[in-house]
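Undergrad: Any chance you can model this:
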Amino acid sequence: MNKGFTLFEAVISLTILSAIIYLASTSFLNLVPKYRLEKAVWEIRSALNSVRYKALVEGMSFRVKLRSDSYSVEKYEESTKIWVLAEKHILEGVVVETNNAPIFTPEGTVSGLATIYVSNAWGTYKITLAITGRIKAVKI
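TA: Numbering: from 1, shown residues only. Model (predicted):
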């Protein structure tokens with residue numbers, strides 16, 4: 001009685017296994033743009049909320065400037081009457097477009113209302129900012 005596999009059976013099994021692994025890895029690589037887009041939208045929403053609460057707590061105005069691949073947070077120095085960079089963040093794998101740089105006041109309101117589009121190969125999200133500080137993100 002022969003036990004075990006022949007060389008031909010082992011080669012066929014390894015070929016099938018490598019094909020399955022190749023297809024699975026390709027599927028996972030196609031998901032990278034989706035997660036980069038969702039991460040960028042989450043990061044922008046979190047930054048806008050955080051800046052709003054900083055303005056309330058610290059009693060000074062803050063501004064969020066969005067660029068095509070990054071955003072920065074600036075605070076307004078009353079004594080010098082200039083905007084000072086507080087922090088800057090890079091967004092990977094997405095393109096950001098906006099019509100305005102929202103300014104959060106110490107009263108909790110927003111001036112310079114903004115519509116922000118975040119997009120990449122996976123799709124586009126639209127983030128809108130209301131005067132009350134409400135942030136809404138919708139996939140379009």
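
Undergrad: helices or strands up against the helix or strand containing Val51?
TA: Secondary structure from DSSP states H and E places Val51 in helix 32-58. Contact partners of helix 32-58 among helices and strands, from 3 or more CB pairs under 8 Å, 6 or more residues apart in numbering; DSSP states H and E: strand 62-66, strand 70-77, strand 103-104, strand 115-120, strand 123-129, strand 135-139. From N, CA and C alone the C-beta is placed, and that goes for glycine too.

Undergrad: which stretches of this structure have low pLDDT?
TA: Across the chain, the ranges flagged by pLDDT under 70 are 1.

Undergrad: Centre-most residue in it?
TA: Of all residues in the chain, the one closest to the mean position by CA atoms, centre = their mean is Ala40, 0.3 Å from it.

Undergrad: which other residues reach stretch 44-54?
TA: Residues from elsewhere that reach stretch 44-54, judged by CB atoms under 8 Å, 6 or more residues apart in numbering: 62, 64, 66, 71, 73, 75, 89, 91, 96, 102, 104, 108, 110, 116, 118, 127, 129, 133, 135, 137.

Undergrad: Return the distance of it from the chain's centre.
TA: Its chain's C-alpha centre and that of stretch 44-54 lie 13 Å apart, by CA atoms, centre = their mean, to the nearest Å.

Undergrad: buried residues in that stretch?
TA: Across stretch 44-54, burial judged by 16 or more other CB atoms under 10 Å covers Ile44, Arg45, Ala47, Leu48, Val51, Arg52, Lys54.

Undergrad: thinking again about what came up before, the helices and strands packed on helix 32-58 into a markdown table, with extra columns for mean neighbour count and distance to Ser18?
TA: Below are the helices and strands packed on helix 32-58 laid out as a markdown table (neighbours: other CB atoms under 10 Å; distance: least, CB to CB, whole Å):
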| stretch | mean neighbour count | distance to Ser18 |
| --- | --- | --- |
| strand 62-66 | 22 | 44 |
| strand 70-77 | 18 | 40 |
| strand 103-104 | 24 | 54 |
| strand 115-120 | 18 | 30 |
| strand 123-129 | 17 | 32 |
| strand 135-139 | 13 | 36 |
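
Undergrad: Dump the ones you listed into TSV; add distance to Ser27 as well.
TA: Listed next are those as TSV, based on distance: least, CB to CB, whole Å:
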stretch	distance to Ser27
strand 62-66	32
strand 70-77	30
strand 103-104	41
strand 115-120	18
strand 123-129	18
strand 135-139	21
